[in-house]
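Chemist: Here is a sequence together with a model predicted from it:
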Amino acid sequence: MLITIYTDGSASGNPGPGGYGIVLISGRFRKELSQGFQRTTNNRMELLAVITALEALKIPQSQVLVYTDSQYVVNAVEKKWVLTWEQKRFAGKKNADLWIRFLKIYRRHSVRFVWVKGHAGNTENERCDCLAVAASQSADLLVDAGFFIENV
């Protein structure tokens, strides 16, 4: 069965408070996830949304279709840039911690990406945006340790 995932990431100030929103759909089942962080970037939240969504899947080798408005994520995967970065041990690349984590979970499934224009009326993308923004404004913001390590 195909699992459809919608993701979005947000950061106010970029860097600043941020969050991600996820909608997972499989048949008649639907699940929403979100989390906020004290200080992070939009790209980190876009990527972390995809990672978290894939990590939430319980069945290995799932057929997955990910809709995201992040050209950063879509291009890195679909154009295989991330594989080149991996071969070069992510030298000089931002978000290496997340890309390493991404590749580990990405390889457990059969994943395709579809880029959607943000803020263009796609119902599920808009829902993810609302979840991400609300998470970034919540009272229980986490620390994005990877952001701090990278920017020390």
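Modeler: Ah, there it is.

Chemist: CA atoms for contacts and neighbours, from now on please.
Modeler: Will do.

Chemist: buried set for the helix or strand of the chain with the lowest mean pLDDT?
Modeler: The helix or strand of the chain with the poorest confidence is helix 145-150; it has a mean of 81 (mean pLDDT, DSSP states H and E). Taking 16 or more other C-alpha atoms under 10 Å as the neighbour-count basis, helix 145-150 is seen to contain the buried residues residue 147.

Chemist: Could you do stretch 87-104 as well?
Modeler: With the criterion 16+ other C-alpha under 10 Å, stretch 87-104 contains buried residues 90, 95, 96, 97, 98, 99, 100, 102.

Chemist: ends of that stretch, how far apart?
Modeler: Looking at stretch 87-104, the gap from its leading to its trailing residue is 14 Å under the measure C-alpha to C-alpha, to the nearest Å.

Chemist: what do you get for stretch 128-147?
Modeler: Stretch 128-147 has an end-to-end distance of 22 Å (criterion: C-alpha to C-alpha).

Chemist: In three-state terms, label the residue lying closest to residue 83 once chain neighbours are set aside for me.
Modeler: With sequence-adjacent residues excluded and distances taken as C-alpha to C-alpha, 6 or more residues apart in numbering, residue 83 is closest to residue 77, at 7.9 Å. Of the three states, residue 77 takes helix under DSSP: H, G, I helix; E, B strand; the rest coil.

Chemist: For burial, what's the neighbour tally of residue 77?
Modeler: Here the count is done by other C-alpha atoms under 10 Å, and residue 77 has 17 residues near it.
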